[in-house]
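*Asks:* test case, fold it:
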Amino acid sequence: MVPSNFGYSIREAGHHFRRNWTTVLGAIVTIFLSLFIIGLFVLGSVMISSVVGGVEDSVTIQAYLSDDATDSEVEAFQSKIEGWDNVESVSYKSKDEALEEYRDSMSNRNASDAVAALDGENPLPASLVITLNDPQEVAATAERIMEDSTFLEIRDTADDPASSPADDVVYGQGTVDRLFEVTNYIRIGAVALVVMLTFVAFVFINNTIRLAITARRREIAIMRLVGASNGFIRGPFVMEGVLESFIAALLAIAALAGGMRVLMPMLRENLSFLAFDIPNEVLFATFGGLLLVGILIGLFGSAIAMRRYLKV
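*Replies:* Numbers count the residues shown, from 1 in each chain. Below is the predicted model:
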């Protein structure tokens, strides 16, 4: 398509829209569904990443300390850990705070019975709670703590010959490993689905333009006989594909925006303990990306259909 027949291409595309509105509507609906699903998976993956990021950020290491450890020993070890590259913060949790946290984590009746059974004693150890910059490094950081000579002296079960440092460093080892494995699969799967759906939308627009070409073969043959250039013949079909994809992209954006406006407040209200968040810049980038992908699908899908099946 060349600039000299731009107006002609638009007019011809508009005429075809009116003459074959059922075919055009089917193409728009098909591309709309593809782009809508693409946008849904993109925004869904962002939401999942937000939730997963919140869960990952909650991953901490607890290093249990002996009751015999002095304040100076604990402070020295805490200062040492705070100097490690991957450590974001280190906080001290006293025995009383540990008991209060235990009480809050259980039902009122169970907590009362358990605390009463202690008969005024508190068997829970004090600990250092370590938060990391990169939760993926939790296992390596925990291993480093277990190998630290200072920690080996002040750990909770240091006096028990049968114990090991791993007994005093807790971060939910098995759960954390499975969490990171699942989240990595989710992220890879989301990318693969977006690529697949983009290809499906491309195939749909390509097939739609092929049908339009087949229906107008006689008209195209006459145009070639009277000397019409390849660009002049190709223009209306390319414009038709672009307009169909553009309209479908706008509909997909409108549907996603409306769905987000309804769904997000419900998720935040009913699942307040999870961090459902999609930044506005990500939302606008997704909508802009859908519009661009729609136009490119229409442009290249129709151009390839013309080149492949008409050799023009």
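
*Asks:* could you pull out the helices for this structure?
*Replies:* Assigned by DSSP state H, the chain shows helices spanning 6-19, 21-57, 71-82, 95-105, 108-117, 138-146, 149-154, 173-215, 217-225, 230-270, 280-310.

*Asks:* what's the neighbour count on E121?
*Replies:* Neighbour count of E121, defined by other C-beta atoms under 10 Å: 8. In this view, the C-beta of every residue, glycine as well, is placed from N, C-alpha and C.

*Asks:* so how far is A158 from it?
*Replies:* Per C-beta to C-beta, to the nearest Å, E121 is found 20 Å from A158.

*Asks:* if we can go back for a sec, for A126, which of the helices of the chain is the nearest?
*Replies:* Comparing these against A126 with C-beta to C-beta, the closest turns out to be helix 95-105 (5.1 Å).

*Asks:* in that closest one, which residues are buried?
*Replies:* Across helix 95-105, burial judged by 16 or more other C-beta atoms under 10 Å covers 98-99.

*Asks:* for it, packing partners?
*Replies:* helix 108-117 (3 or more C-beta pairs under 8 Å, 6 or more residues apart in numbering; DSSP states H and E).

*Asks:* what's near enough to touch E101?
*Replies:* By C-beta atoms under 8 Å, 6 or more residues apart in numbering, the contact set of E101 is K93.

*Asks:* residue contacts, M223?
*Replies:* 232-233.

*Asks:* which of the helices of the chain has the lowest average pLDDT?
*Replies:* Per-stretch mean pLDDT for the helices of the chain is lowest at helix 108-117 (a mean of 53).

*Asks:* for the helices of the chain, which one sits closest to T131?
*Replies:* helix 21-57 (8.1 Å).

*Asks:* isn't V282 right up against V46?
*Replies:* Yes - if you go by C-beta atoms under 8 Å, V282 and V46 touch, sitting 5.6 Å apart.

*Asks:* between those two, who's got more neighbours?
*Replies:* V46 (19 against 15).

*Asks:* verify the stated contact: that one with N280.
*Replies:* No - the pair V46 and N280 does not pass the contact test of C-beta under 8 Å, sitting 11.8 Å apart.

*Asks:* so what's E73 closest to, chain neighbours aside?
*Replies:* I154 (5.2 Å; C-beta to C-beta, 6 or more residues apart in numbering).

*Asks:* S34 and I145, how far apart?
*Replies:* For S34, the distance to I145 - C-beta to C-beta - is 50 Å.

*Asks:* again but with L193, I slipped
*Replies:* According to C-beta to C-beta, L193 and I145 sit 39 Å apart.

*Asks:* and these two? Which one has more around it.
*Replies:* Comparing L193 with I145 by neighbour count (other C-beta under 10 Å), the higher total belongs to I145, at 24 against 17.

*Asks:* list the contacts for the more buried one?
*Replies:* The neighbours of I145, taking C-beta under 8 Å, 6+ apart as the test, are 61, 63, 81, 130, 151, 165, 169.

*Asks:* pull out the buried members of these.
*Replies:* 61, 63, 81, 130, 151, 165, 169.

*Asks:* looking at those, which one is closest to L99?
*Replies:* A63 (17.8 Å).

*Asks:* I'd assumed A126 was in contact with that closest one.
*Replies:* No - assessed by C-beta under 8 Å, A63 is found out of contact with A126, at 9.9 Å.

*Asks:* next, count neighbours for R155.
*Replies:* R155 has 26 nearby residues by other C-beta under 10 Å.

*Asks:* rewinding a little: S89 is nearest to which of the helices of the chain?
*Replies:* helix 71-82 (7.5 Å).
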